[in-house]
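Asks: Coordinates only, no sequence provided:
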């Protein structure tokens, strides 16, 4: 986690160790485990260093393998899997204590014109009319810890499917919308904007899966952890301008929940899609009274 | 390509070459390059061969790297990258002539219970009341007629509707939707792992096509280069691949010559059992 733009840019500037290996710094040693979004963002930067100019990341697929240790730096080993004429593929393994904690594939593509369509952006009140974000899992922008943990990341609550909130749980029982932006200028490097988007995408993503479980709070869960993470970058975007972050959890089963989310610009352009599956393991007894609970 | 469930099972029965190393045979085919669903399904079989007893796959994330050569066997090299107490992870690299053509990571879990919720299944007509795509394509003068005769026989595919002009799902809001009922014809023997491998085989066939419905185009048209770039499947609950599944497909966007689709798979009684996501190259090569 980074509390200033300087820290964020430090974290996203990896040291070149030679041989396609890079070292990513840690800034926050207070947290027990490393923030997943940081690892995704650093790994994407590492992959980008090995790809020719003119190719842009359009997707990444990752698995979290072991809990990260926030007291030591992370080494990123990049493998050049494919270098084609218009596509390049990289595999990145994040290593701590000689063990992989994270494995990611990322694909890069030249700018190419082609068919264009997109869904309309979901309806949401303008950022000016939204209160600060208050998540399902207790994360709260008004909380003083938010500033310490996330610094300039601004997040606003634009509605969710909890009782009494803006969205009716008609087709989906778990939806949440928020406006998000980095409230400091990020330099004009498209790779940085993609990395920061990846960073921010992990912040509240999985909380959407907990929404339908009305009494769900952090206390209901023994374990809440990301398993995988995928991002598709459809169009260029700036992360220091407002993005509508729309989450939806189509399903939870087997102690896992799946979340799909999209980022739209204020003028409605769909710039990225994100998916994440996580494990949400209830405390013994927390399932009592659930219709399908295996009593 | 397999025309019966027995042939599909045979295709998915890999030869063990060495520890964590397997070989998959190629079926008879008229296709120019290997079908992605075949490679993904064989790779899942390879991952399962090395998975801890009792664990079940819950997700896979794959990239297609090079076109597969339909005349050469595929070697699947499995790397056991994590052995956890409740989760295990396998990376599979598929090679032909020493060159990687495909890679996937598969995550396994010891089955457990937890909170449950899911989307409501869309209201759709029964499979019996929907267009039999195979029958239609085999009959008409269709660009894919030949491959439907020789390659897709094991797949039972019924079109519920899509968003092409006059399509049953045409609406003012979402430009690219498609729905199919799908199943493997005949009986797929075996428990959940085999059903998951069979579903993986099915899951690659129509998904990217959903993104083309917004442009009134179909896969197979001579001026289109269509190629899967990645593929992800999440297995939520147990199911059978030889029973009807509603494959509800939605392409939120296409841009930069890439189409992107998300799919949900429901059993006939409305249980959401799997999800899929795929991005593919959709490149127009010359004027129609």
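Replies: Here it is on my side, so go on. Being a predicted model, the structure only gives us computed values, none of them experimental.
Asks: Pretty sure residue A:76 sits in a helix.
Replies: No - judged by DSSP: H, G, I helix; E, B strand; the rest coil, residue A:76 forms no part of a helix; its state is strand.
Asks: Which of the helices or strands spans whichever residue of the stretch 101-250 of chain B sits closest to chain A?
Replies: The minimum distance from the stretch 101-250 of chain B to chain A, using Cβ to the nearest Cβ, falls at residue B:114 (3.2 Å). In this view, the C-beta of every residue, glycine as well, is placed from N, C-alpha and C. Residue B:114 belongs to no helix or strand when elements are defined using DSSP states H and E.
Asks: Let me see the contact set for the closest residue to residue A:283 other than its chain neighbours.
Replies: Ranked by Cβ to Cβ, 6 or more residues apart in numbering or on different chains and with sequence neighbours excluded, the top spatial neighbour of residue A:283 is residue A:222, at 4.9 Å. When the contact criterion is Cβ atoms under 8 Å, 6 or more residues apart in numbering or on different chains, the partners of residue A:222 are A:281-284.
Asks: Phi, psi for the residue most central in space within chain B please.
Replies: Centroid-nearest residue in chain B, with Cα atoms, centre = their mean: residue B:203, separated by 2.1 Å. Backbone torsions for residue B:203, taken as degrees, to the nearest 10, come to phi -70, psi -20.
Asks: can you pull the contacts of it?
Replies: B:37, B:40, B:231, B:233, B:247, B:263, B:265, B:274, B:276.
Asks: Could you measure from it over to residue B:176?
Replies: Using Cβ to Cβ, to the nearest Å, residue B:203 is found at 18 Å from residue B:176.
Asks: Ok, residue B:41 next?
Replies: 26 Å.
Asks: between these two, who's got more neighbours?
Replies: residue B:176 (28 against 24; other Cβ atoms under 10 Å in any protein chain shown).
Asks: So which of the contacts of residue A:222 sits lowest on pLDDT?
Replies: Within the contacts of residue A:222, residue A:284 has the lowest pLDDT, namely 74.
Asks: Quick check: closest non-adjacent residue to that residue.
Replies: Excluding the flanking residues, the one nearest residue A:284 by Cβ to Cβ, 6+ apart is residue A:222, at 7.9 Å.
Asks: Which pLDDT value belongs to that neighbour?
Replies: 78.
Asks: thinking again about what came up before, of the contacts of residue B:203, grab the buried ones for PyMOL.
Replies: Only the buried members of the contacts of residue B:203 enter the following PyMOL selection, criterion being 16 or more other Cβ atoms under 10 Å in any protein chain shown:
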select buried, chain B and resi 37+40+231+233+247+263+265+274+276
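Asks: Give me the subset of the contacts of residue B:203 lying in helices.
Replies: B:37, B:40 (DSSP state H).
Asks: rewinding a little: for residue B:30, see how far away the closest residue to the residue of the stretch 101-250 of chain B closest to chain A other than its chain neighbours is.
Replies: Counting by Cβ to Cβ, 6+ apart, residue B:114 lies nearest to residue A:255, which is 3.2 Å off, once chain neighbours are set aside. Using Cβ to Cβ, residue A:255 is found at 44 Å from residue B:30.
Asks: Which residue of those two possesses the greater neighbour count?
Replies: Under the neighbour definition other Cβ under 10 Å, residue A:255 and residue B:30 were set side by side, and residue A:255 has more, 24 against 11.
Asks: Quick one: residues contacting the more buried one.
Replies: Contacts of residue A:255 (Cβ under 8 Å, 6+ apart): A:279-282, B:109, B:112-115.
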